[in-house]
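K.L.:
Mind looking at a prediction? Sequence and model below.
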Amino acid sequence: MIRFENLTKSFMVNGTRRVVINNLNLTIPSGQSLALLGRNGAGKSTLMQIIAGNMRPDAGRVVSDGSISWPVGFAGSFHPQLTGAQNTRFIARIYGVDTDELADFVQDFAELGAHFRMPVRTYSQGMRSRLTFGLSMGIAFDTYLVDEVTGAGDASFRQKSKAVFRDRMQKAGAIMVNHNLAELREYCDHALVLEDGRLRYFSNLDEAIEIHQTTLLRRPDEA
């Protein structure tokens, strides 16, 4: 279960305060895989960061009775001067998992070769994505936050990523952001639609996609 209680977040844009999450009150049931839909700039990444605890809301809070991953596509928490291996061991200690087991899993899964023991600052964006996805899949979370990371790497790596993610979904829930609607249908049964600061829950994914696509046809000020 993830519960939003009076959650509000805004930003100053060109001297004007823009509210992206407006007094949100909603409970998401446990164990569901949800697509998070919304136009560009609607606040999807902001909401994911708040759920993960990486960003503070202006008001309200997020309550959960289970463990939540960091946004899988977000590599900003890595220390750039530490190697991939050192970052992995540091995160293992934070989450209380076996450091050697996690390091072995990530090194094998991410396919970084010698770069695994090189500073993260030398990594390409794709290498960072592989590292953060490997770390996320190496730790058992109750809910995974996923931001299109299964698209990283070549075709073989993408297939491997999808396979391990599908396996994790047998025992966990997820909130996914992905512009590929076919992939959302592959993993998700339910949806959240974020628009104009409001978040709506849909038990029917196709209904949510239809409403989302209709919203995209309108100008932002008409949505």
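P.N.:
Structure's in. What do you need? Numbering: from 1, shown residues only.

K.L.:
pLDDT wise, what is F157 at?
P.N.:
Note on F157: pLDDT of 84.

K.L.:
Tell me, how many residues neighbour the closest residue to it other than its chain neighbours?
P.N.:
Closest residue to F157 apart from its sequence neighbours, by C-beta to C-beta, 6 or more residues apart in numbering: E111 at 6.5 Å. C-beta: built from backbone N, CA, C; applies to glycine. For E111, the neighbour count with other C-beta atoms under 10 Å is 16.

K.L.:
ok, E111 touching R158?
P.N.:
No. Using C-beta atoms under 8 Å as the test, E111 is too far from R158 to be in contact (11.9 Å).

K.L.:
Flag every buried residue along the lowest-mean-pLDDT helix or strand in the chain.
P.N.:
Ranked by mean pLDDT, DSSP states H and E, the weakest helix or strand in the chain is helix 155-168, scoring a mean of 86. By neighbour count on 16 or more other C-beta atoms under 10 Å, the buried set for helix 155-168 is F157, S161, V164, F165, R168.

K.L.:
where does I21 land in three-state SS?
P.N.:
Per DSSP: H, G, I helix; E, B strand; the rest coil, the secondary structure class of I21 is strand.

K.L.:
Now do the same contact list for it.
P.N.:
By C-beta atoms under 8 Å, 6 or more residues apart in numbering, the residues touching I21 are L7, T8, K9, S10, G43, T46, L47, I50, P57, L194, G197, L199.

K.L.:
repeat that with 7 Å
P.N.:
I21 sits next to L7, T8, K9, G43, T46, L47, G197 when contact means C-beta atoms under 7 Å, 6 or more residues apart in numbering.

K.L.:
do the same with G60
P.N.:
G60 neighbours (C-beta under 7 Å, 6+ apart): F4, E5, N6, L7, T8.

K.L.:
would you say it is within a helix?
P.N.:
No. Counting by three-state DSSP, G60 falls outside a helix, being strand.

K.L.:
can you tell me how far it sits from I21?
P.N.:
As judged by C-beta to C-beta, to the nearest Å, G60 and I21 stand 9 Å apart.

K.L.:
do E195 as well
P.N.:
Distance of E195 to I21, computed by C-beta to C-beta: 11 Å.

K.L.:
can I assume G84 is in contact with G134?
P.N.:
No. At 9.0 Å, G84 does not count as touching G134 under the criterion of C-beta atoms under 7 Å.

K.L.:
So which of those two has more stuff around it?
P.N.:
For G84 versus G134, neighbours defined as other C-beta under 10 Å are more numerous around G84 (27 against 24).

K.L.:
which residues touch that one?
P.N.:
So G84 contacts L112, H115, F116, V120, L131 (C-beta under 7 Å, 6+ apart).

K.L.:
most surrounded residue in those?
P.N.:
Busiest of those [other C-beta under 10 Å] is L131, holding 26 neighbours.

K.L.:
looking at this, it is in a helix?
P.N.:
Yes. Under three-state DSSP, L131 falls within a helix.

K.L.:
show me where pLDDT drops low in this protein?
P.N.:
Applying pLDDT under 70 to the chain picks out residues 73-77, 148-153, 219-223.

K.L.:
Kindly report the domain assignment for it.
P.N.:
For the chain, the structural domains run 1-67+143-153+173-223, 70-139, going by automatic domain parsing.
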